[in-house]
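Participant: One predicted model, sequence on top.
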Amino acid sequence: MERVDILHVTDADDPRLDDFRGLTDVALRSASEPAGGLYIAESAKVIRRAVLAGHRPRAVMVQQRWLDGIREIMSDHDVPVFVVPDAVAESVAGFAVHRGALASMHRPALPSVASIIDGASLILILEDIGDHTNIGAAFRAAAGLGADAVLVSPRCADPLYRRSVRVSMGTVFQVPWTRIPNWDAAVSELHAAGVSIAALALADDAVSLRDFARTRPDHVALMMGSEGEGLSPEALARADTVVTIPMRGGVDSLNVASAAAVALWALSES
């Protein structure tokens, strides 16, 4: 029997819509979502992937023309579905909700590093990447190119932030991931699992990606650094190998998400 509670709301100031309010304020959402245990999934496709991954919805805000799809996704969940006019959705969220639906979701507990790298042959590590678009694109590459797990540093942008989830096309729900507590603990866990750590960086002694892929270890973690600074000296010091993508045309490097895709493809094909 359907459990969805359909509620029509026409007042943008209705407090029942507070989960979806002011979503353009990145700093506010980054500060409040982890503490509140919530994140926002945008679009029926992403919401469906989140639910199929076992994530628990708390509420949905949807425009009328998207209601049937949301009703089907939420049929087994006892949650309120707030049906709002387009103008109300835009007023509450702070942007035009072109994809028709937003769901506030309870954050699942993060798994341990050991549990998600157990048996993994290809792992992506993201250090201090601040752009949510790059996080989402890196996760999409990880999912599409065969990474078994993703680790993110303590200061890395939130993979469950609305834009990260949207850019990833919901693949943040496919690839097991967690945050590392610190480098010492992460390296200890990786080495204990027999994982070799390869840092993608520019260095005089770097091995070309092509050569590294030919003889890659059976279990490898690929570390990627921030958009501006690259990997920190602390991360580089813990790498077993430094790997670089040979470039042409006077270009010294690729965008971090593009570099992740190239490197993951090379390592997954080897």
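Facilitator: Nice, thanks for sending it over.
Participant: what comes into contact with the helix or strand where residue 138 lies?
Facilitator: Using DSSP states H and E, the element containing residue 138 is helix 132-144. Helix 132-144 is contacted from outside by 26, 124, 126, 129, 147, 150, 152, 156-159, 161-169, 171-172, 174-175, 177, 224, 227, 255-257, 260-261, 264, using Cβ atoms under 8 Å, 6 or more residues apart in numbering. No exception for glycine: its C-beta is placed from N, CA and C like everyone else's.
Participant: Quick check: what element follows it along the chain?
Facilitator: Downstream of helix 132-144, the next assigned helix or strand under DSSP H and E is strand 149-152.
Participant: so how far is that next one off the chain centroid?
Facilitator: Strand 149-152 sits 9 Å away from the centroid of its parent chain (Cα atoms, centre = their mean, to the nearest Å).
Participant: And for stretch 197-216?
Facilitator: A distance of 25 Å separates the centroid of the chain from that of stretch 197-216, by Cα atoms, centre = their mean.
Participant: swap in stretch 3-13?
Facilitator: With Cα atoms, centre = their mean, you get 29 Å for stretch 3-13.
Participant: Tell me which helix or strand comes right after the lowest-mean-pLDDT helix or strand in the chain.
Facilitator: When each helix and strand of the chain is scored by mean pLDDT, DSSP states H and E, helix 26-36 comes last, with a mean of 48. Where DSSP H and E defines the elements, the next helix or strand beyond helix 26-36 is strand 38-42.
Participant: Going along the chain, name the strands of the stretch 1-150 of the chain.
Facilitator: Secondary structure of the stretch 1-150 of the chain (DSSP state E, counting those that start in this stretch): strands at 5-8, 38-42, 56-63, 80-84, 101-106, 122-126, 149-152.
Participant: now the angle between strand 80-84 and the third one, please.
Facilitator: This points to strand 56-63. Interaxial angle of strand 56-63 relative to strand 80-84 (axes from the mean of the first three to the mean of the last three Cα atoms, to 10 degrees): 20 degrees.
Participant: and residue 159, what is it in contact with?
Facilitator: Per Cβ under 8 Å, 6+ apart, neighbours of residue 159: 135, 136, 139, 150, 152, 165, 168, 172, 177.
Participant: This completes my enquiry, with thanks.
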